[in-house]
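>>> below is the sequence, then the predicted model.
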Amino acid sequence: MSQSQTWKGNPAIEPFLVAVDSLSPDPANARFHSALNLIDIRESLTTYGQQKPIVVRAGIVKAGNGTFAAARMAGWSHIAAIESDLEGAALVAYAIRDNHTGDGSEWSQDVLGAILSGLREDGFDVEATGFTEAEADALIAAAGGPGDEPDDEPGADDDGGDEVPMVGFLRWGTVEVPMIESEAAGLTALYDRHVADRGTPVGFAASLIRSASAL
């Protein structure tokens with residue numbers, strides 16, 4: 001890569017660098033990326049570099065439109081891209097399938113919390129993972145991390161005395177579930193991330209149900 005080129009990434013994909021100006025986003029891309037989501041992708045690129053190529057066809061980005069847009073935001077002159085061998089309807093279907101495959105995956109909250117706890121203990125900045133400190137705190141606490149006592153009854157302190165104050169309720173239909181501060185913070189963090197990613201609160205309850213079903 002010449003000094004006039006701006007890019008950061010895995011040296012293994014450097015041979016696939018093409019000029020950003022030679023590519024265009026897919027005008028038929030049905031996947032919406034919010035401004036916050038693009039900022040998140042840009043932060044990942046500037047922190048870790050590009051680790052996998054985007055997929056293009058005849059100068060049009062077919063997979064990795066979010067990465068392409070974030071690279072432009074970061075001021076990169078080049079990006080690693082590979083040319084797809086698909087054409088016509090198969091190429092269109094692949095682009096949709098590539099975007100859709102991530103929709104069926106869910107976090108394992110306990111595993112994620114344990115990983116974040118380990119990173120924090122190693123002195124790593126957990127916000128570099130894309131989670132805020134508040135989100136990490138809630139996930140670590142939910143996983144029984146440092147400072148959490150999972151065997152205690154909810155609402156009681158370590159001595160079994162005064163109750164922990166409730167800060168809100170989770171309501172649906174006739175059901176009303178009280179929440180302590182850490183639970184409310186965790187739920188709020190998940191809600192904010194859902195709205196930032198989807199651009200709407202619609203579907204938030206469904207994502208909670210899917211997450212619970214995966215446990």
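Received, thanks. Numbering: from 1, shown residues only.
>>> going forward, measure contacts and count neighbours with C-alpha atoms only.
Will do.
>>> list the contacts of V126.
Contacts for V126 (Cα atoms under 8 Å, 6 or more residues apart in numbering) come out as 116, 119-120, 132-133, 136.
>>> what is the nearest of those to P201?
T132 (19.6 Å; Cα to Cα).
>>> quick one, strands of the chain?
Secondary structure of the chain, counting by DSSP state E: strands at 17-19, 54-57, 60-63, 78-83, 166-172, 175-180.
>>> circling back: in helices, which of the contacts of V126 appear?
Per DSSP state H, helices hold the following members of the contacts of V126: 116, 119-120, 133, 136.
>>> give me the buried entries from those.
Buried members of the ones in helices among the contacts of V126, scored by 16 or more other Cα atoms under 10 Å, are 116, 136.
>>> out of the strands of the chain, nearest to G104?
strand 60-63 (17.6 Å).
>>> that closest one packs against which elements?
strand 54-57, helix 88-100 (3 or more Cα pairs under 8 Å, 6 or more residues apart in numbering; DSSP states H and E).
>>> adjacent strands (with direction) for the shortest one?
Pointing back at strand 54-57 there. In the sheet, strand 54-57 lines up against strand 60-63 (antiparallel), strand 78-83 (parallel) (DSSP bridges).
>>> mean confidence for the first one?
To tie it back to what came earlier, the one meant is strand 60-63. The average pLDDT within strand 60-63 is 96.
>>> distance from it to the middle of the chain?
21 Å (Cα atoms, centre = their mean, to the nearest Å).
>>> one more: the longest one?
In this view, strand 78-83 has its centroid 23 Å away from the chain centroid, taken as Cα atoms, centre = their mean.
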